[in-house]
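> give the three-dimensional model of this entry:
(one chain, ligands or ions: 1)
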Amino acid sequence: MLDARIFKFKGAKPALIRLLLLTLLQALIIVVQGRYSSIMLTDLWKGHSLSLVPIPMGIFLIAFVLRQVLTVAKNYALAPFADQTTGELQQDLVKKYTEVGPSLIAKLGTGKAVSLAVEGIDQVHDYLSLVLVKLFDMSVIPWVILAYLAYLRWESALFLFFIYPVIVLFMVILGYAAQSKADREYDRFNRLSNHFIDTLRGLTTLKQLGLGKKYAHNIFDVSEDYRKATLSTLKIAILSTFALDFFTTLSIAVIAVFLGMDLLNGTLPLLPAMTILILAPDYFLPIRNFANDYHATLNGKNSLADIMDILALPEPDDQLVYQQKSPEWTQTDTLRLKNVSFTYPDAEKPALQHISLDLQGYQRVGLVGTSGSGKSTLLNLLGGFLIGQGAIEINQQSVPHLAQHDWQQDLQVLPQEPYLFHDTLRHNLAFYAPTVNDDDIMAVVEQVGLAAWFKTLPAGLDTVIGEGALQTSGGQAQRIGLARIMLDRKRRVVLLDEPTAHLDIETEMRLKETMLPIFDQRLVVFATHRLHWLAQMDWIIVMRDGMIVEQGTLSELLQQDGYFNELRAAMRGEEEHA
Ligand SMILES: Nc1ncnc2c1ncn2[C@@H]1O[C@H](COP(=O)(O)OP(=O)(O)OP(=O)(O)O)[C@@H](O)[C@H]1O
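I've put the predicted structure just below:
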């Protein structure tokens, strides 16, 4: 019914104490309202005119107004707590996404990650502000009314007391049914979010394959599924409202019959009978209100549970194991991988198996292998973006993985598809070196061959690029990625994943001269399909099916009559077709 973790939120206690006091006051006012409306009605029944009952009527009216005012005040008492808590939850969630990293987003799905941080937070807000008020009403108001009714006539109070658990039991049964339906609805919603994002991302591919319409139907089917799941939750919710209304009305009718009989027998005066009859619906009202809104808060409850589970994920506290002795990677530093393996979640076979390699100082290391041989996976492991099993040592110091703060601070990475942030070209270029001046930026823009494109930009370096703004081609994005690296001379470890894959061979050859200085005074690991780069490498690692099958200098590998020579022939073929 209620996630106990709510009580641990900052500011929960004072907000709940305020709510409790206001609810208690409201319960007393409900009793006063019931009492004085009964006095007024009894007087009228006795034949007094309205003008003769001004005091009970006045008290009734004041109590009525106060009751409504308190309803509003209770919501206000909780609003700052709900606002603050959801605001903090949202910040913590986004921080957690960045701390745990891409593996968490991959596990959740981008759609769910986004909807949880946006819509999920709104649902949690509704849940906090709705459910707590209703819960406190249910826990306080009936018992204050019941105590007063027991004072008036204990038999009626006893009947109301025993009927309450029956109603609660019904509520629990229907609540469970609603919960399982709501879980399904929540699942469908997350599926829809992920499916939608997936389709948007793959829209170009779908269009190219002529599958746009089919996928539109697919989205329609998934959203239909979600609609049906929502309707079946609503069905249960309506059924539960109907059942509760039926039982509470029946109970009040039973009370009315007994009170009527006592009135006829003359064993009970009219005033207490009227008061009991008027207060009985108020006794049941909080539980009815709670049940009516229960289904509406279930998505909020599920979102809160998901958010809390994510926030409870262990903070990576082993990222500070490696303490780099100098501010940056030096000529004498070493990195050793021994028997390192990695398997993607849900994959049948490992993407990397028994990887052992030694890297030292400012070395240029070429990584070659056919598509799917594990080059990108190895680069991601070296960058600390994936965590495998096996022994890793930096400068003879053993580390659990390479997601080490000091190591990553020294890294520059150029993936196959560099991500361009929705920001100005200046900020996108000065990504690793935010203090660099415009003249330096312009010199690098020239060097990476972006000058002609730059002239077409409406606002020069202030032009906003990235998603939702000026779009770039794959080749332009890769050149921006290269420029990022060239603008920063501090970071000394560079991981390049086919940085020229989107460029034709002629452009690549032109750019090569510009790129070569990147390799100086740095440890470079360069995955490539293009043969001509290998002459620039000090060491070459040859990968096949997730394993390193050969490694050595180019001349050593050429002399061996091994897999590298076979691969070279294939790479030459690719190059000729490029
Ligand atoms: N996110 C992922 N989830 C599951 N399996 C993956 C994932 N990424 C890659 N793989 C698998 O891991 C293996 C290695 O892939 P990887 O991308 O590292 O190869 P690669 O040599 O870089 O290929 P390419 O040259 O085409 O970029 C492949 O079998 C691939 O299918």
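
> how far out from the middle of the chain is whatever helix or strand G481 lives in?
Assigned by DSSP states H and E, G481 belongs to helix 474-487. Relative to the mean C-alpha coordinate of its chain, helix 474-487 is positioned 30 Å out (CA atoms, centre = their mean, to the nearest Å).

> then stretch 412-425?
Stretch 412-425 has its average C-alpha position 23 Å from the chain's average C-alpha position, going by CA atoms, centre = their mean.

> cool, stretch 237-246 as well?
34 Å.

> next, the contact list for the closest residue to D406 other than its chain neighbours, please.
In this structure, D406 finds its nearest non-sequential neighbour in Q324, 3.9 Å apart by CB to CB, 6 or more residues apart in numbering. C-betas here are computed from N, CA, C, even on glycine. Taking CB atoms under 8 Å, 6 or more residues apart in numbering as the criterion, Q324 is in contact with 406-407, 409-410.

> other residues contacting stretch 300-320?
3, 5-6, 89, 92-93, 96, 99-100, 104, 108, 116, 119-121, 123-128, 130-131, 182-183, 186, 400-401, 403-406.

> helix or strand: which one has H48?
Under the assignment given by DSSP H and E, H48 is not contained in any helix or strand.

> tell me which stretches of the stretch 1-150 of the chain form helices.
Per DSSP state H, counting those that start in this stretch, the stretch 1-150 of the chain has helices spanning 12-45, 54-100, 102-108, 110-115, 121-152. These are given in chain order.

> which residues touch the fourth one?
This points to helix 110-115. Surrounding helix 110-115, the residues in contact under the criterion CB under 8 Å, 6+ apart are 97, 104-105, 189-190, 192-198.

> before we move on, the earlier item: what's the following helix or strand after the helix holding G481?
Beyond helix 474-487 in the direction of the C-terminus, DSSP H and E gives the next helix or strand as strand 493-497.

> now that next one against helix 474-487, angle please.
If you take axes from the mean of the first three to the mean of the last three CA atoms, to 10 degrees, strand 493-497 sits at 170 degrees to helix 474-487.

> who touches strand 493-497?
329, 375-376, 379, 382-383, 407, 410-416, 485, 518-519, 522-528.

> from the chain's centre, how far out does the host helix or strand of N380 sit?
Applying DSSP H and E as the criterion places N380 in helix 375-382. Here the centre of helix 375-382 is set off from its chain's centre by 26 Å, with CA atoms, centre = their mean.

> using CSV, write down the CA coordinates of the helix or strand just after it.
On the C-terminal side of helix 375-382, the closest following helix or strand by DSSP H and E is strand 389-394. Written as CSV, here are the backbone C-alpha positions of strand 389-394 (Å, rounded to 0.1, in the frame of the first residue of the first chain):
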residue,chain,number,x,y,z
GLN,A,389,37.0,-10.6,-15.7
GLY,A,390,40.7,-11.1,-15.4
ALA,A,391,43.8,-9.4,-14.1
ILE,A,392,44.7,-5.8,-14.9
GLU,A,393,47.7,-3.8,-13.8
ILE,A,394,48.6,-0.2,-14.3
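
> relative to strand 389-394, what are the paired strands and their orientations?
If you go by DSSP bridges, strand 389-394 pairs up with strand 334-342 (antiparallel), strand 397-399 (antiparallel).

> ok, and of the contacts of strand 493-497, which contact the ligand?
Intersecting these with the surroundings of the ligand, defined as CB under 6 Å from any ligand atom, gives 375-376.

> out of the helices of the stretch 1-150 of the chain, which is closest to the ligand?
Using CB to the nearest ligand atom as the measure, helix 102-108 is the one of those that comes nearest the ligand, at 6.8 Å.

> what about R510, neighbour count?
Applying other CB atoms under 10 Å, we find 12 residues neighbouring R510.

> which residues touch it?
With CB under 8 Å, 6+ apart as the criterion, the residues that contact R510 are G449.

> again, but for Q471
Counting by CB under 8 Å, 6+ apart, Q471 makes contact with I465.

> now it: phi and psi?
Backbone geometry at Q471, expressed as degrees, to the nearest 10, gives phi -90, psi 150.

> before we move on, what about L402?
With angles defined as degrees, to the nearest 10, L402 sits at phi -100, psi 10.

> circling back to that earlier point, name the SS class of the residue nearest to D406, please.
coil (DSSP: H, G, I helix; E, B strand; the rest coil).

> again, but for V542
strand.

> show me the beta-bridge partners of it.
Taking DSSP bridges, one obtains V368, E550 as the residues bridged to V542.

> tabulate the helices of the stretch 1-150 of the chain (CSV), appending distance to P269.
Output for the helices of the stretch 1-150 of the chain, formatted as CSV (distance: least, CB to CB, whole Å):
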stretch, distance to P269
helix 12-45, 9
helix 54-100, 16
helix 102-108, 65
helix 110-115, 60
helix 121-152, 10
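
> mean pLDDT lowest for which of the strands paired with strand 389-394?
Here the lowest mean pLDDT among the strands paired with strand 389-394 goes to strand 397-399, at a mean of 91.

> next, the buried residues of the next helix-or-strand element following that strand.
Remark: after strand 397-399, the chain's next helix or strand is helix 405-409, criterion DSSP H and E. Judged by neighbour count using 16 or more other CB atoms under 10 Å, the buried positions of helix 405-409 are 406-408.

> starting at the chain centroid, how far to helix 405-409?
26 Å.

> which pLDDT value belongs to the spatially most central residue of the chain?
Centroid check for the chain by CA atoms, centre = their mean gives A113 as the closest residue, at 3.5 Å. Reported pLDDT at A113 in the predicted model: 85.
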